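Asker: Predicted model follows, preceded by the sequence.
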Number of protein chains: 2
Amino acid sequence: MASERERPSGTGGERPSSAERRTPGQRAGLTRDAVMAAARAALAQDGVDGLSMRRLARRLGVAPNALYSHVASRDDLIDALLDDTLGEVRSPDPSRGDWRRGIETMTRRTYDVLLAHPDLVPLYIARRGARGPVAVALGEQMLAMLARGGIEGDEATEALRTLIVHTIGFAAFATGDTLPPGPSALTPRALERLFARSLGWLLDGIAAEPRARS
Amino acid sequence: MASERERPSGTGGERPSSAERRTPGQRAGLTRDAVMAAARAALAQDGVDGLSMRRLARRLGVAPNALYSHVASRDDLIDALLDDTLGEVRSPDPSRGDWRRGIETMTRRTYDVLLAHPDLVPLYIARRGARGPVAVALGEQMLAMLARGGIEGDEATEALRTLIVHTIGFAAFATGDTLPPGPSALTPRALERLFARSLGWLLDGIAAEPRARS
DNA sequence: ACCTGAACACCGTTCAAGT
DNA sequence: ACCTGAACACCGTTCAAGT
């Protein structure tokens, strides 16, 4: 369906680049945002294979090395992509409802965002999550909710880590093929219920842990 | 310390290949086992970068395409490597002790084996585990233990999947750098305790689930 | 500062040969 | 059946130039 060679129009960031050949020194009007938009479009159309610097450059109608004026490296680009994507997670009102429900909805929304970008999930794992400002903000909100449940300090760090591992881990298995030996592949619906249920088990354990009294 | 260019002696599978240049048709004495041994040695010395077909071939003193006589593709080689490595997990006597302890020790041993091969962990995740005969056998032992606890059918499949996600997920975070936002990096010891504790939470949940009576 | 051309040092894989 | 030589279609990144 989607031709990929010679169709400059698209989701975002592409250049015409047909006849107008540039000589060294001529600007192409590239920006970091345009590069990032092209990366998102490439990911959507061609999967993770589309995220090579050379294919991105082709898509933008520039020489491969032109990208390095706006992005430090391919790793830098991917890190930014991962962090940006987490921005799609709407965080619930941190002061409303009980802390456990807040964590459940936030975790579930993160899970949904990850499932919406299946090609990125292996990258989240390979880089062990995101470290950008969005990820930091998300983590701080989770810590605030845990604090409202009386969980703080090292305990909160550990609980957060457990929840992150659980969320990314399940997203990885939901987006992949079958892992567990045996023919019984769970449906996405069943997997999501399992995710929610096992999340409940973890929260039971987190809430029940003996804590140093404040 | 370890030179990598011109030292044919090593852990396993390397060839002399110095003066003896072969012409097409001359055998190099390669076997699939030799290729796999070279892959393990390359992984240990050079990390995952050492697992390229061309570097493997250099290490073995053969042309790059010679490997394809013993291995279908790079993916095939890596799948075999992942499954083989799981063979290091000693499974406890399945008929001794209570089922929960059996699962705990088996899960913990798997965790330890994964930590012993940190470079492989991202590969396990990217491929969502291993699907070879060793992985299948391991899964069946886990299912047998769950069955002794009265957990069978879909419930057992779901429990097994949860445990696998939990184990590989924690291994990924233990072998990686810090993920969770904030400066508080957990020590390996603390992480292992957290792994064991959260495993306990999951098993509590698995054991407490209402079940259809047999 | 932003871009091109050319190059470097790589990849996985295939195809046609040789024994 | 097992191997080599050569090739194809790629990579990420750097360096020297041009405006």
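Answerer: Alright, I've got the coordinates. Residues are numbered from 1 along each chain as shown, chains lettered A, B, ... in the order given.
Asker: and the gap between residue A:173 and DNA strand D?
Answerer: To DNA strand D, residue A:173 is 27 Å away according to CB to the nearest atom of the strand, to the nearest Å. For the C-beta atoms, the positions are set from N, CA and C on the backbone; glycine is no exception.
Asker: Pull out the buried positions in the helix or strand hosting that residue.
Answerer: Using DSSP states H and E, residue A:173 sits in helix A:153-175. Neighbour counts over helix A:153-175 (16 or more other CB atoms under 10 Å in any protein chain shown) mark A:155-175 as buried.
Asker: again, but for stretch A:85-96
Answerer: For stretch A:85-96, burial by neighbour count (16+ other CB under 10 Å) applies to A:85, A:86, A:89, A:91, A:92.
Asker: Inside strands: which ones of those residues?
Answerer: Residues from the buried residues of stretch A:85-96 lying in strands, with DSSP state E as the criterion: none.
Asker: Pick the one among these closest to DNA strand C.
Answerer: residue A:85 (24.0 Å; CB to the nearest atom of the strand).
Asker: quick one: the closest one and DNA strand D, what's the gap?
Answerer: Per CB to the nearest atom of the strand, residue A:85 is found 19 Å from DNA strand D.
Asker: just residue A:68 next, same as before
Answerer: Distance, residue A:68 to DNA strand D, by CB to the nearest atom of the strand: 5 Å.
Asker: three-state assignment of residue A:128?
Answerer: When classified by DSSP: H, G, I helix; E, B strand; the rest coil, residue A:128 comes out as coil.
Asker: That one is in contact with residue B:172, isn't it?
Answerer: Yes - between residue A:128 and residue B:172 there is a contact at 6.6 Å, judged by CB atoms under 8 Å.
Asker: Let me see the contact set for residue A:156.
Answerer: A:143, A:146, A:147 (CB atoms under 8 Å, 6 or more residues apart in numbering or on different chains).
Asker: so which of those residues are also by chain B?
Answerer: Residues of these in contact with chain B (CB under 8 Å from any CB of the partner chain): residue A:143.
Asker: Tell me the one among the contacts of residue A:156 nearest to residue B:197.
Answerer: Of all the contacts of residue A:156, residue B:197 sits closest to residue A:146, with 15.8 Å by CB to CB.
Asker: Is the closest one within a helix or a strand, and which one?
Answerer: Remark: residue A:146 resides in helix A:133-148, with elements defined by DSSP H and E.
Asker: Then residue A:28?
Answerer: Going by DSSP H and E, residue A:28 is not part of any helix or strand.
Asker: what does the helix-or-strand element of chain A with minimal mean pLDDT rub up against?
Answerer: Within chain A, no helix or strand scores below helix A:121-126, which has a mean of 85 by mean pLDDT, DSSP states H and E. Outside helix A:121-126, the residues that touch it by CB under 8 Å, 6+ apart are A:48, A:78, A:81-82, A:114, A:130, A:168, A:171-172, A:175-176, B:122, B:125-126, B:172.
Asker: and the residue nearest to residue A:83 when sequence neighbours are not counted, how many neighbours does it have?
Answerer: Excluding the flanking residues, the one nearest residue A:83 by CB to CB, 6 or more residues apart in numbering or on different chains is residue A:132, at 2.8 Å. Burial measure for residue A:132: 17 neighbouring residues, criterion other CB atoms under 10 Å in any protein chain shown.
Asker: can you pull the contacts of residue A:132?
Answerer: By CB under 8 Å, 6+ apart, the neighbours of residue A:132 are A:79, A:80, A:82, A:83, A:84, A:86.
Asker: elements contacting the helix or strand harbouring the second one?
Answerer: It stands for residue A:80. Per DSSP H and E: residue A:80 is located in helix A:74-86. Helix A:74-86 is packed against helix A:32-46, helix A:99-116, helix A:121-126, helix A:133-148, with contacts defined by 3 or more CB pairs under 8 Å, 6 or more residues apart in numbering or on different chains; DSSP states H and E.
Asker: okay, that helix in PDB with CA atoms only?
Answerer: What follows is helix A:74-86, C-alpha atoms only, in PDB (Å, rounded to 0.1, in the frame of the first residue of the first chain):
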ATOM      1  CA  ARG A  74      21.500   7.600  16.400                       C
ATOM      2  CA  ASP A  75      21.400   6.700  20.100                       C
ATOM      3  CA  ASP A  76      20.600  10.300  21.000                       C
ATOM      4  CA  LEU A  77      17.700  10.300  18.400                       C
ATOM      5  CA  ILE A  78      16.300   7.000  19.800                       C
ATOM      6  CA  ASP A  79      16.500   8.200  23.400                       C
ATOM      7  CA  ALA A  80      14.600  11.300  22.500                       C
ATOM      8  CA  LEU A  81      12.000   9.200  20.700                       C
ATOM      9  CA  LEU A  82      11.500   7.000  23.700                       C
ATOM     10  CA  ASP A  83      11.100   9.800  26.100                       C
ATOM     11  CA  ASP A  84       8.800  11.800  23.800                       C
ATOM     12  CA  THR A  85       6.500   8.800  23.400                       C
ATOM     13  CA  LEU A  86       6.100   8.600  27.200                       C
END
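Asker: What distance do you get for residue A:171 to residue A:49?
Answerer: In this view, residue A:171 and residue A:49 are 20 Å apart by CB to CB, to the nearest Å.
Asker: Low-confidence stretches in chain A?
Answerer: A:1-20, A:94, A:176-185, A:212-214 (pLDDT under 70).
Asker: So residue A:161 is in contact with residue B:173, correct?
Answerer: Yes - counting by CB under 8 Å, residue A:161 touches residue B:173, with 6.7 Å between them.
Asker: So which residues on chain A come close to DNA strand C?
Answerer: Proximity of chain A to DNA strand C (CB under 7 Å from any atom of the strand) is limited to residues A:21-30, A:62-66, A:69-70.
Asker: Looking at the contacts of residue A:156, spot the one nearest DNA strand D.
Answerer: Relative to DNA strand D, the closest of the contacts of residue A:156 is residue A:143; by CB to the nearest atom of the strand it sits at 33.0 Å.
Asker: Check the burial of the closest one by counting its neighbours.
Answerer: Residues lying near residue A:143 (other CB under 10 Å) number 19.
Asker: What distance do you get for the closest residue to it other than its chain neighbours to DNA strand C?
Answerer: Leaving out its chain neighbours, the residue that sits closest to residue A:143 by CB to CB, 6+ apart is residue A:156, at 5.5 Å. For residue A:156, the distance to DNA strand C equals 41 Å [CB to the nearest atom of the strand].
Asker: how much space between residue A:156 and residue A:207?
Answerer: Residue A:156 sits at a distance of 12 Å from residue A:207 (criterion: CB to CB).
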